[in-house]
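> Sharing a sequence plus its predicted fold:
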Amino acid sequence: MGEQLLASGLGRLVDPQVHVDLLRSTVRLTRLVFGAAAASIFLYDDDRDALVFEASSGQGEDHIYGVAIPADRGVAGWVYQTGETMVIHDVRQDARFDRQFAEWTGYVPTTIAAAPLVVDEPVGVLEVLDAAPGRFDDLDGMDLLTQLADHLGASVSLLLAARAAKRSVSGEPAAGPWLRLEETLTRTRTRDSQVVHRFVDALDDLIGTCYGGAASGRRQ
């Protein structure tokens, strides 16, 4: 029954892959906007106390998905811990840069820009490697990076809520109410479609409210 729900139209709301695809698309957009060699996002994993590559575009993207680094390591770790956006124009001069890990990925950047992904509190990091010259020479570049990070934060909130919702419907009893809701929406008349859209938007907000903070995984 749970699988039936996740395969349904409403199931897309609680399908994590839909939100993962959005994250990956936004990461690619970030790389293109900044003319960067690579862009990535890390999400915090409470079980491992680590930042995990959730999506990447550009140099090294083929083999770093799912790789975890300690949450207090490197530039990403510093941004996650402090919740502050930063730009390093020459990583060789910055002690926070983890050159050993960069070499392991197969790409050692010269510049790094990074911003926290926030769902009430930091839950991950957006990182841009070797942006085109001049992209971070003024506040416009920083503002754009912050806006993209805010957008990704909202996407992460939906992903975390979807993962929590998927876990909640994995058992037969929990799936019942969701399936009844799907059946009701399916029977709704076309002229009531705006009502349905408003309801789904409200449901989306409710899931984020109920599960966003609890699912964020940041240790206390």
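Okay, I see it. Residues are numbered from 1 along each chain as shown.
> quick one, longest helix in the protein?
helix 139-168 (DSSP state H).
> For that one, could you pull out the residues that count as buried?
Across helix 139-168, burial judged by 16 or more other C-beta atoms under 10 Å covers 141-142, 145, 148-149, 151-166, 168. For the C-beta atoms, the positions are set from N, CA and C on the backbone; glycine is no exception.
> which helices and strands does it pack with?
helix 16-34, strand 38-45, strand 112-119, strand 121-129, helix 193-215 (3 or more C-beta pairs under 8 Å, 6 or more residues apart in numbering; DSSP states H and E).
> residues in contact with the first one?
The list of residues contacting helix 16-34 from outside it, by C-beta atoms under 8 Å, 6 or more residues apart in numbering, reads 12, 36-41, 54-58, 113, 126, 128, 131-132, 135, 141, 144-145, 148, 151-152, 155-156, 158-159, 162-163, 166.
> Now residue 100, what are its backbone angles?
Per-residue torsions, residue 100: phi -60, psi -40 (degrees, to the nearest 10).
> Now do it against residue 113, distance only.
Note on residue 100: its distance to residue 113, by C-beta to C-beta, to the nearest Å, is 21 Å.
> same deal with residue 38?
For residue 38, the distance to residue 113 - C-beta to C-beta - is 11 Å.
> Give me the pLDDT for residue 7.
If you check residue 7, the pLDDT there is 48.
> where in the chain is pLDDT low?
1-16, 19, 165-220 (pLDDT under 70).
> Would you confirm that residue 53 belongs to a strand?
Yes - counting by DSSP: H, G, I helix; E, B strand; the rest coil, residue 53 is found in a strand.
> who's it bridged to?
residue 42 (DSSP bridges).
> can you pull the contacts of it?
Here residue 53 is in contact with 40-42, 64-68 (C-beta under 8 Å, 6+ apart).
> Make a ChimeraX selection of the buried ones in the residues you listed.
To isolate the buried ones among the contacts of residue 53 in ChimeraX, judged by 16+ other C-beta under 10 Å, type:
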select :40,41,42,64,67
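> Identify the residues contacting residue 142.
Here residue 142 is in contact with 85, 87, 113, 136 (C-beta under 8 Å, 6+ apart).
> Please repeat the previous calculation with a cut-off of 7 Å.
85, 87, 136 (C-beta atoms under 7 Å, 6 or more residues apart in numbering).
> of the residues you listed, closest to residue 122?
Taking C-beta to C-beta as the measure, residue 122 lies nearest residue 85 of those, at 11.1 Å.
> ok, now which ones touch the closest one?
When contacts are counted by C-beta under 7 Å, 6+ apart, residue 85 touches 114-116, 142, 145-146.
> again, only using 6 Å
Listed by C-beta atoms under 6 Å, 6 or more residues apart in numbering, the contact set of residue 85 reads 115, 146.
> now the contacts of residue 142 in JSON lines, with secondary structure and distance to residue 105?
Putting the contacts of residue 142 into JSON lines (DSSP: H, G, I helix; E, B strand; the rest coil; distance: C-beta to C-beta, whole Å) gives the following:
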{"residue": "85", "secondary structure": "coil", "distance to residue 105": "22"}
{"residue": "87", "secondary structure": "strand", "distance to residue 105": "20"}
{"residue": "136", "secondary structure": "coil", "distance to residue 105": "21"}
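> Closest to residue 49 out of these?
The closest of the contacts of residue 142 to residue 49 turns out to be residue 85 (C-beta to C-beta; 22.7 Å).
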